[in-house]
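Q: Generate a structure from the sequence data that follows.
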Amino acid sequence: MTDVALETPPSAARVGIGGPVGSGKTALIEGLLPRFKARGTTLAVVTNDLVTKEDAERLQRGGLIAPERVLGVEAGACPHTVIREDPTLNIEAADMLEARFAPLDLILIESGGDNLASTFSLDLVDYWLFVIDVSGGDDIPRKRGPSILRADLLVINKTDLAPHVGVDLAAMQRDARAVRDGKPVVLTNCRAGEGLDAVIDHLAHDVLLEA
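A: Numbering: from 1, shown residues only. Okay, here's the model as predicted:
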C-alpha cells in the first residue's frame, strides 16, 4: 500500500492597503471588487478603524461583496500598530475568513488612516500598496516617507482634483517614480474607475501570479 501525502490547499495571498485618512482606500476596494469578480477571483476583506467598524459596514452595505466576507478590526491604538508592530488582530481576522470561505485567492487588508511612516509587517501581508491623493499636495513623493519608498505599489488617487488644487500631476508622478527606484506607480480616479484596471493588472501578475 502506497502512502499518499495529503496536500494542504494553498493559503490566500494577503494584500495590505494603506494610506492617509481620506485618500481613497475604501473607494479603491469598492472599485476593485467587481473587477476581481469578473475575473473569477475569490476574496474577502479585513478593514481597520480605531474604535468603530465604519469601513467594514460600508462595504457590507454596498452590495459588491457578500457581507459575511468582510470583517472589521477595531485597532484601538495608532493605526500602524496593528499592521506593523503587533498585527495579531489582523492575522486572526484573515485566518478566520480563510477558515470560513476557503479556498480564497485573495484577502485585502485595509489599514486605518495613517501617515507616510506607515508600513505593513510581512508577517501579515505578502504585498502591500499605499494610496495617496493629489489634494495632499504634489510634494508628498518628495518627502520620501517609508510608505512611499517601500510599498510594492504606490497609487496616486483623485487625479481629477489636480487642476482644482494647484497640483502638477505630471511632476507628482515623475517625482514618485524617481524616489521609488523603479517600483510601480499608478494614477487613479477611483470614483470614476480610472486607473483601476492597471491596479488589477499589477495584483494579478505580482500577487496572483497570473501570466
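Q: quick one, helices of this structure?
A: 25-39, 54-62, 88-101, 146-150, 169-179, 196-206 (DSSP state H).
Q: would you list these in TSV and tack on mean neighbour count, mean pLDDT and distance to Val186?
A: C-betas here are computed from N, CA, C, even on glycine. Shown next, in TSV, are the helices of the chain (neighbours: other Cβ atoms under 10 Å; pLDDT from 0 to 100; distance: least, Cβ to Cβ, whole Å):
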stretch	mean neighbour count	mean pLDDT	distance to Val186
helix 25-39	19	98	10
helix 54-62	17	96	21
helix 88-101	17	97	24
helix 146-150	19	97	14
helix 169-179	16	97	9
helix 196-206	17	98	5
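Q: want to throw those helices into JSON lines with distance to Gly137?
A: Formatted as JSON lines, those follow (distance: least, Cβ to Cβ, whole Å):
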{"stretch": "helix 25-39", "distance to Gly137": "18"}
{"stretch": "helix 54-62", "distance to Gly137": "24"}
{"stretch": "helix 88-101", "distance to Gly137": "30"}
{"stretch": "helix 146-150", "distance to Gly137": "13"}
{"stretch": "helix 169-179", "distance to Gly137": "9"}
{"stretch": "helix 196-206", "distance to Gly137": "22"}
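Q: Next one: Leu196 from Gly31, what distance?
A: 5 Å (Cβ to Cβ, to the nearest Å).
Q: Determine the residues that are contacts of both of these two.
A: Both Leu196 and Gly31 are in contact with 188, 190, where contact means Cβ atoms under 8 Å, 6 or more residues apart in numbering.
Q: Does Ala13 touch Glu210 like I think?
A: No: the pair Ala13 and Glu210 does not pass the contact test of Cβ atoms under 8 Å, sitting 11.3 Å apart.
Q: more neighbours, the two?
A: Ala13 (20 against 12; other Cβ atoms under 10 Å).
Q: Report the beta-bridge partners for that one.
A: Beta-bridge partners of Ala13, counted by DSSP bridges, are Leu106.
Q: Would you enumerate the residues in contact with it?
A: Contacts of Ala13 were listed using Cβ under 8 Å, 6+ apart, and they are 105-107, 126-127, 207-208.
Q: Recalculate using a threshold of 10 Å.
A: 41, 43, 104-108, 125-127, 203, 206-209 (Cβ atoms under 10 Å, 6 or more residues apart in numbering).
Q: Also Ile29?
A: Taking Cβ under 10 Å, 6+ apart as the test, what Ile29 contacts is 17, 36, 43, 45, 47, 55, 58-59, 62, 64-65, 70, 108, 110, 190.
Q: Roughly how far does it sit from Thr88?
A: Counting by Cβ to Cβ, the gap from Ile29 to Thr88 is 22 Å.
Q: quick one on the thing from earlier: need the residues touching each of Ala13 and Glu210.
A: Joint contacts of Ala13 and Glu210 (Cβ under 10 Å, 6+ apart) are 41, 105, 203.
Q: is it true that Ser121 touches Ser111?
A: No: with contacts counted by Cβ atoms under 10 Å, Ser121 stays clear of Ser111, the gap being 11.2 Å.
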